[in-house]
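In: Got a sequence here, can you build the structure:
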Amino acid sequence: MINDGLRRELVDMRQEDLRVREELSTAGELAGTYHPHMETVHVRNAARLSELIAQYGWPAEDFAGADGAEAAWLIAQHAIGEPDFMRLALRLVRSCAQQGRVPRWHAAYLEDRIALCEGRPQRFGTQGVDDTRDGLDRPWTLADPEHVNNLRASVGLGPVAPIPPPGPQLPLDQQRRNESVRQWWAEWLKSRGW
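Out: Numbering: from 1, shown residues only. Here you go, the predicted model:
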């Protein structure tokens, strides 16, 4: 039976995340380091989802509706400053996916996001990073490039998009800025316990 109050709260939390993301993107403030306003939303949402999990367990589709379960997944996916919470979420989502209570791709995305944060290769190719040299988005390191599309199919995802060939090099000062941002993120993730 769907808990409509829980479903609505989760959907509202996701909507706030997306609203702030769009607002910052439109203002040109989303690229680069972690914007404090975005981080605040992510921390607040993760804390509230943690409380809801303690009360109800993972909000799967059979309890929170499809949109509520997807909202819970997005909140966990964006909780990059909360490594213990993300790892717990992955364990719970995997269990629900095995029971058919959430789509299997929820667990795949969380697993890959955690691998990215930990600096490990990803299995499903869901996470991309901008190349500091040409600015093009490419998949984060793949654990098994030859079989990634089979793994993706096993969780309901289509094939990895073609990886763009190297583009024109950005000006050297932009490459340095990009590398500086990448270094900032690496240090920030480490400071959070990744």
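
In: Let me see the contact set for the residue nearest the centre of the chain.
Out: Closest to where the C-alpha atoms of the chain average out (CA atoms, centre = their mean) is Gln77, at 3.5 Å. By CB atoms under 8 Å, 6 or more residues apart in numbering, the contact set of Gln77 is 109-110, 113. All C-beta spots, glycine's among them, are computed from the backbone N, C-alpha and C.

In: Could you take these and lay them out as TSV, with extra columns for neighbour count?
Out: Shown next, in TSV, are the contacts of Gln77 (neighbours: other CB atoms under 10 Å):
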residue	neighbour count
Tyr109	22
Leu110	24
Arg113	21
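
In: What separation do you get for the residue nearest to the centre of the chain and Pro164?
Out: Distance from Gln77 to Pro164, counting by CB to CB, to the nearest Å: 24 Å.

In: Leu52 too?
Out: As defined by CB to CB, Leu52 lies at a distance of 40 Å from Pro164.

In: which one of those two has more residues nearby?
Out: Legend: neighbour count by other CB atoms under 10 Å for Leu52 and Pro164, higher for Leu52 (19 against 11).

In: Is that one in a helix, a strand, or coil?
Out: helix (DSSP: H, G, I helix; E, B strand; the rest coil).

In: same deal with Arg138?
Out: Three-state call for Arg138 (three-state DSSP): strand.

In: What are the boundaries of the strands in the protein?
Out: Taking DSSP state E as the criterion, the chain carries its strands at 128-130, 137-139.

In: In a markdown table, list those along with mean neighbour count, distance to Asn178 and mean pLDDT.
Out: Formatted as a markdown table, the strands of the chain follow (neighbours: other CB atoms under 10 Å; distance: least, CB to CB, whole Å; pLDDT from 0 to 100):
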| stretch | mean neighbour count | distance to Asn178 | mean pLDDT |
| --- | --- | --- | --- |
| strand 128-130 | 15 | 7 | 95 |
| strand 137-139 | 15 | 12 | 95 |
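
In: Save the ones you listed as TSV, and put in distance to Arg19 too.
Out: Below are the strands of the chain laid out as TSV (distance: least, CB to CB, whole Å):
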stretch	distance to Arg19
strand 128-130	23
strand 137-139	23
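
In: Relative to Pro145, which of those is closest?
Out: Pro145 sits nearest to strand 137-139 of all those, at 8.8 Å, using CB to CB.

In: The closest one packs against which elements?
Out: Secondary-structure packing of strand 137-139 (3 or more CB pairs under 8 Å, 6 or more residues apart in numbering; DSSP states H and E): strand 128-130.

In: ok, the strand it packs on: who's next to it in the sheet?
Out: According to DSSP bridges, strand 128-130 forms sheet pairs with strand 137-139 (antiparallel).

In: what's in contact with the partner strand?
Out: 122, 125, 127-131, 160, 163-164.
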